[in-house]
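1. below: sequence and its predicted model.
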Number of protein chains: 2
Amino acid sequence: MKLNDLGERRLIALVRRRFGRARAGIALGIGDDAALVRGPSKLLLTKDLLVEDCDFRKALHPPFLLGRKALNVNLSDIAAMGGRPLYALLGLALPGTTDEAWLDHFLRGFGAAARERGVAVAGGDFSESRRIVISVTVTGDGTRAVPRSGARPGDGIFVSGTLGDAAAGFRLLERGRGSGGGKQAGRLLRAFLDPEPRLDLGAALGRMRLASAMIDVSDGLSVDLSHICAESRAGAEIDLARIPMSEALRRLSDRPLALALDGGEDFELLFTVRPGNLGRVRRLAARFGFTEIGRIVRGRKLTAVDASGRRKPLVPKGWEHFA
Amino acid sequence: MKLNDLGERRLIALVRRRFGRARAGIALGIGDDAALVRGPSKLLLTKDLLVEDCDFRKALHPPFLLGRKALNVNLSDIAAMGGRPLYALLGLALPGTTDEAWLDHFLRGFGAAARERGVAVAGGDFSESRRIVISVTVTGDGTRAVPRSGARPGDGIFVSGTLGDAAAGFRLLERGRGSGGGKQAGRLLRAFLDPEPRLDLGAALGRMRLASAMIDVSDGLSVDLSHICAESRAGAEIDLARIPMSEALRRLSDRPLALALDGGEDFELLFTVRPGNLGRVRRLAARFGFTEIGRIVRGRKLTAVDASGRRKPLVPKGWEHFA
């Protein structure tokens, strides 16, 4: 059945079925003018828009995974603040010709990611459009919020996981090499189609007050590091030999370092640490999986140092659209 | 200058200039991963999507007024909950060919409405799309929230302002009769282009605990009354002679009652009142401008009674798209 034939009431019924109505802390939810929820005294608010053919392609992204990703990229913003996510609102504008099955899988994916992370879906809005637009808002507890602006010269720079996998995965998909690529290709595809927000790491760094500045790597390391530096009025030096790259990326991409620096959509955490806290943070590296990649410096320059000690400017490359 | 040439950083700078950065209660705002704001213990969350050519037409709606309306329709949802608005997030997906001037006027309008109502713009997100998509989220204080589900048989039914003006104004605009229509036409156009959320009335009814159920009239009286009845598991009887209609609507529309019942986008408040509170509420009518139009009844039927006492079913008409 197409959404054109479904009607608003059946649409709301479908949403209620997928997300449930009564969730902990929600007094009034889907089906009222606004959701009424328990609020923390320090409230985090984040919002992401995903537009078909700009931020995703319908043909490349299975709807269940797109639903998961739509929530998870917002949870990554909460993680980047050192926060704990609480509630989500889902806005969807869909063509009337959308299959009900597509919507159902999307909602199942969104709901699955919400349950996994203890996030309650509190409400949302539907509209029509020629192309799919997904607008997600997430609230969180920001009692221990970490800003982008707290980095100081001398701080160490760390990044979680490996970089460039999502960008490489997108390129595989785009060239139709999605299936049959073996385990390494699967890892890259998963990084793009189904990224995981680093909520545990973000919350731990916030709780222990170990990160002086933090951001999630969504536009690419070079751009997101430039955001931290701009907000903190500082520069940075990155050691290219230490940029964490997966075996899969090295094997399957002809320019792994470029994707790791500028690829984007990694949804890993990039954070800085005061010199006095470096020891404590390094001891957490194995547990959470992160790597020390450089230092915050005086001035406003971003510099990359290669394995032979050559220094060149690190240019923040505008984020690449994935569609 | 077109947005294509503007770049993300200049875009964020423009947003900061229009909305300011440090507002009361915002610890971290535009330019971080998430906004950090002061949260009430009972938090209202609402979200509306406005899609070009579905919810508005760019050629008919001046960008300043569209910016105002994008916020005000969300504030109307907070009003309908008896709440007080606190923070707004703005998500915008725009074609790269959009004029910077269009965006600037839109942001000015959004900012003006926010200042008027004491709402702080805490953050948002930008993306690209072929058609304009506006996604607004507003948080509010829901300490005295009024649900849709609280109406009981015997309750009086009230509605604020006059109904049908926005729908009539849209029809005037559509037929190119926007300008030169005189004062009456101006009233109808304003109702459509620049609706005012009934925040004072909503908050007063919440604070005094006088509304048993409440909703804002966005889809049309017949549809929104059916929402209250469905959520409250009750029916309603409406006195057609009492439906509040403006002089302008009666003069300039050939079917004023149809627009008042089914037109939509009125953003007036529809609320119910227990029999024991009717006297107190009626004494507020002159101050806030509202009218008693009927009664909640047992069963699930919606009935309209005309001036000669004839009864017929009130059919909730699907909301009409304004574009």
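-> Thanks, I have it.
2. and stretch A:50-60 with chain B, contact?
-> Yes: for stretch A:50-60, a contact with chain B is found by CB under 8 Å from any CB of the partner chain, at A:50-55. C-beta here means a position set from N, CA and C on the backbone, and glycine is covered the same way.
3. so which pair among these is furthest apart in space?
-> The most widely separated members of these are A:L50 and A:D53, with 10.7 Å between them, by CB to CB.
4. so which of the two has more stuff around it?
-> A:L50 (22 against 15; other CB atoms under 10 Å in any protein chain shown).
5. picking up where we left off before, from the residues of stretch A:50-60 next to chain B, which land in strands?
-> When the residues of stretch A:50-60 next to chain B are checked against strands (DSSP state E), the matches are A:50-51.
6. what ranges do the helices span in the stretch 201-323 of chain A?
-> Applying DSSP state H, counting those that start in this stretch to the stretch 201-323 of chain A gives helices spanning A:221-232, A:247-252, A:256-262, A:278-288.
7. right, and those - which one's nearest B:C229?
-> Nearest to B:C229 among those is helix A:221-232; the distance by CB to CB comes to 50.2 Å.
8. picking that back up, now the residues of stretch A:50-60 next to chain B as JSON lines including pLDDT and distance to B:H227?
-> Listed next are these as JSON lines, based on pLDDT from 0 to 100; distance: CB to CB, whole Å:
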{"residue": "A:L50", "pLDDT": "92", "distance to B:H227": "29"}
{"residue": "A:V51", "pLDDT": "92", "distance to B:H227": "30"}
{"residue": "A:E52", "pLDDT": "93", "distance to B:H227": "30"}
{"residue": "A:D53", "pLDDT": "89", "distance to B:H227": "34"}
{"residue": "A:C54", "pLDDT": "86", "distance to B:H227": "34"}
{"residue": "A:D55", "pLDDT": "88", "distance to B:H227": "33"}
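9. so which of the residues of stretch A:50-60 next to chain B comes closest to B:G123?
-> Out of the residues of stretch A:50-60 next to chain B, the member with the shortest distance to B:G123 (by CB to CB) is A:L50, at 16.7 Å.
10. and the closest residue to the closest one other than its chain neighbours, what's its pLDDT?
-> Distances taken as CB to CB, 6 or more residues apart in numbering or on different chains put A:I134 closest to A:L50, at 4.2 Å, once the chain neighbours are dropped. As predicted, A:I134 sits at a pLDDT of 95.
11. ok, now how distant is A:I134 from A:L107?
-> Counting by CB to CB, to the nearest Å, the separation of A:I134 from A:L107 is 11 Å.
12. same drill for those two, tell me which one is more crowded.
-> Taking neighbours as other CB under 10 Å, A:I134 and A:L107 compare with A:I134 leading, 26 against 21.
13. residues contacting the more buried one?
-> The contact partners of A:I134, by CB atoms under 8 Å, 6 or more residues apart in numbering or on different chains, come to A:49-51, A:66, A:70, A:90-92.
14. for chain B, what's its nearest residue on the stretch 101-250 of chain A.
-> Among all residues of the stretch 101-250 of chain A, A:S135 sits closest to chain B, at 3.7 Å; criterion: CB to the nearest CB.
15. doesn't A:H61 fall inside a helix?
-> No: looking at A:H61 with DSSP: H, G, I helix; E, B strand; the rest coil, it is coil, so not inside a helix.
16. once you drop chain neighbours, what's closest to it?
-> Leaving out its chain neighbours, the residue that sits closest to A:H61 by CB to CB, 6+ apart is A:L193, at 6.3 Å.
17. so what's the closest residue to A:T303 other than its chain neighbours up against?
-> With CB to CB, 6+ apart as the criterion, A:T303 has its nearest non-adjacent residue at 4.7 Å, and that residue is A:E237. When contacts are counted by CB under 8 Å, 6+ apart, A:E237 touches A:294-295, A:297, A:303-305, A:311.
18. return the set of residues that bridge with A:E237.
-> A:R295, A:T303 (DSSP bridges).
19. ok, it to B:H227 distance?
-> 59 Å.
20. same deal with A:N4?
-> Per CB to CB, A:N4 is found 21 Å from B:H227.
21. those two: which is more packed in?
-> Per other CB under 10 Å, whichever of A:N4 and B:H227 has more neighbours is B:H227, with 22 against 11.
22. partner residues bridging A:D125?
-> According to DSSP bridges, the partner residues bridging A:D125 are A:G91.
23. count residues in the vicinity of A:S308, would you?
-> 6.
24. now A:D239
-> Per other CB under 10 Å, the neighbour tally for A:D239 reads 18.
25. repeat for A:S129
-> 25.
26. what sits against it?
-> Residues near A:S129 by CB under 8 Å, 6+ apart: A:93-95, B:51-52, B:54, B:131, B:133.
27. near chain B, which residues of the stretch 151-300 of chain A?
-> Within the stretch 151-300 of chain A, the positions near chain B by CB under 8 Å from any CB are A:214-216, A:231.
28. out of these, flag the one nearest to B:F19.
-> With CB to CB as the yardstick, the closest approach to B:F19 among those comes from A:E231, at 17.1 Å.
29. how far away is the closest one from A:I215?
-> For A:E231, the distance to A:I215 (CB to CB) stands at 9 Å.
30. and for the two, which residues touch both?
-> Residues touching both A:E231 and A:I215 (CB under 8 Å, 6+ apart) are A:R148.
31. the more surrounded of these two?
-> Higher neighbour count among A:E231 and A:I215: A:I215, with 26 against 18, using other CB under 10 Å.
32. mind pulling the model confidence for that one?
-> pLDDT recorded at A:I215 is 96.
33. my guess is it meets A:H227, correct?
-> Yes: if you go by CB atoms under 8 Å, A:I215 and A:H227 touch, sitting 5.8 Å apart.
34. what's the overlap in contacts for the two?
-> By CB under 8 Å, 6+ apart, A:I215 and A:H227 have these common neighbours: A:R148.
35. about what we covered before: bridging residues for the residue of the stretch 101-250 of chain A closest to chain B?
-> Under the criterion used (DSSP bridges), A:S135 bridges to A:L49, A:G91.
36. contacts only, for it.
-> When contacts are counted by CB under 8 Å, 6+ apart, A:S135 touches A:47-50, A:90-93, B:47, B:49, B:91, B:133, B:135.
37. sweet, I'm off.
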